[in-house]
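Asker: Pasted the sequence and its predicted model underneath.
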Amino acid sequence: MDGNTQTLTPAKDLARDNPVRIPGESAEYRAARTALLAEEIELRRHLARVAEQRRALPPGPQVAGDYRFLGEDGRETDLAGLFGDKQTLVAYSYMFGPQRERPCPMCTNLLGAWEGNAADIGQKVSLVVIARSPIEKLKAWKAERGWKHLRLYQDLNDAYSRERGGVLPDGSEIPAQNVFTRRDGTIRHFWSGEMTGQTADPGQDPRGAPDPAPLWTVLDQTPEGRDPSWYPSLTYD
């Protein structure tokens, strides 16, 4: 989309003219698959519209707070330091506080997938993972998982985690993703995930859209779909 005002061919027409055919398919299957393809095209277009609307958000609030972090190199930094030489910062709050012997399996599954793209993402924006456990514990876990490209930071005073969605008022942890911008030296909040249990539809787990975890995207393409009673584990036999 990106501001393009060109009239789009109706999704039903694109689906109808799709040349792909599956060997041995029935007429019933092709009709249903063509109808589904039209919906998939509409979904793609809707995702593009949502992304465009997100990019068009007005300037968010200026970020203020005594945020202190400790990096894997043993150096302490503030939020500005997490940007490095980039203008945009994507920060994920990892459910791995000091009370946990091992981190949240769901967060770990997501970050394991992001690890595979972290070097690529890092070419465009700064991507960091923030957790409340001691940095040495985070480094040991990173080594155990074989992660090489994700950049882990310890929240030294919990200020960031408490103010930016990683910790609830009762002290329990939740995952959070925040995007910040730095323009002309001013750091502003750009976007954060706001889909919670209160926004979930009946029978669904709370989740954002598009889902940042490839696990669910792949399962959504199968006849079994998502199992609402199943979650990934840290290890499998």
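Answerer: Looks like it came in fine.

Asker: which residues of the protein fall in strands?
Answerer: 69-71, 76-77, 88-93, 126-131, 151-155, 176-183, 186-192 (DSSP state E).

Asker: Could you dump the ones you listed into TSV and include mean pLDDT, distance to Pro206 and mean neighbour count?
Answerer: Glycine gets a C-beta too; all of them are placed from N, C-alpha and C. Shown next, in TSV, are these (pLDDT from 0 to 100; distance: least, CB to CB, whole Å; neighbours: other CB atoms under 10 Å):
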stretch	mean pLDDT	distance to Pro206	mean neighbour count
strand 69-71	98	27	19
strand 76-77	98	32	14
strand 88-93	97	15	21
strand 126-131	98	21	22
strand 151-155	98	23	22
strand 176-183	96	13	18
strand 186-192	97	15	15
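
Asker: just so I know, which of these lies nearest Glu101?
Answerer: Distance to Glu101, taken as CB to CB, is lowest for strand 126-131 among those, at 13.4 Å.

Asker: Which elements pack onto that closest one?
Answerer: Judged by 3 or more CB pairs under 8 Å, 6 or more residues apart in numbering; DSSP states H and E, strand 126-131 is in contact with strand 88-93, helix 105-121, strand 151-155.

Asker: Report the angle between that strand and helix 105-121.
Answerer: 160 degrees (axes from the mean of the first three to the mean of the last three CA atoms, to 10 degrees).

Asker: re the thing from before, could you dump the helices and strands packed on strand 126-131 into CSV with distance to Arg132 added?
Answerer: Below are these laid out as CSV (distance: least, CB to CB, whole Å):
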stretch, distance to Arg132
strand 88-93, 9
helix 105-121, 12
strand 151-155, 5
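
Asker: so which of these gets nearest Asp73?
Answerer: Proximity to Asp73, assessed across the helices and strands packed on strand 126-131 by CB to CB, is greatest for strand 151-155 (10.0 Å).

Asker: The closest one packs against which elements?
Answerer: So strand 151-155, by 3+ CB pairs under 8 Å, 6+ apart, packs with strand 69-71, strand 126-131, helix 135-145.

Asker: which one of these lies closest to Phe96?
Answerer: Per CB to CB, nearest to Phe96 of the helices and strands packed on strand 151-155: strand 126-131, 4.1 Å.

Asker: most centrally placed residue in this structure?
Answerer: Closest residue to the average C-alpha location of the chain: Pro212 at 3.8 Å, with CA atoms, centre = their mean.
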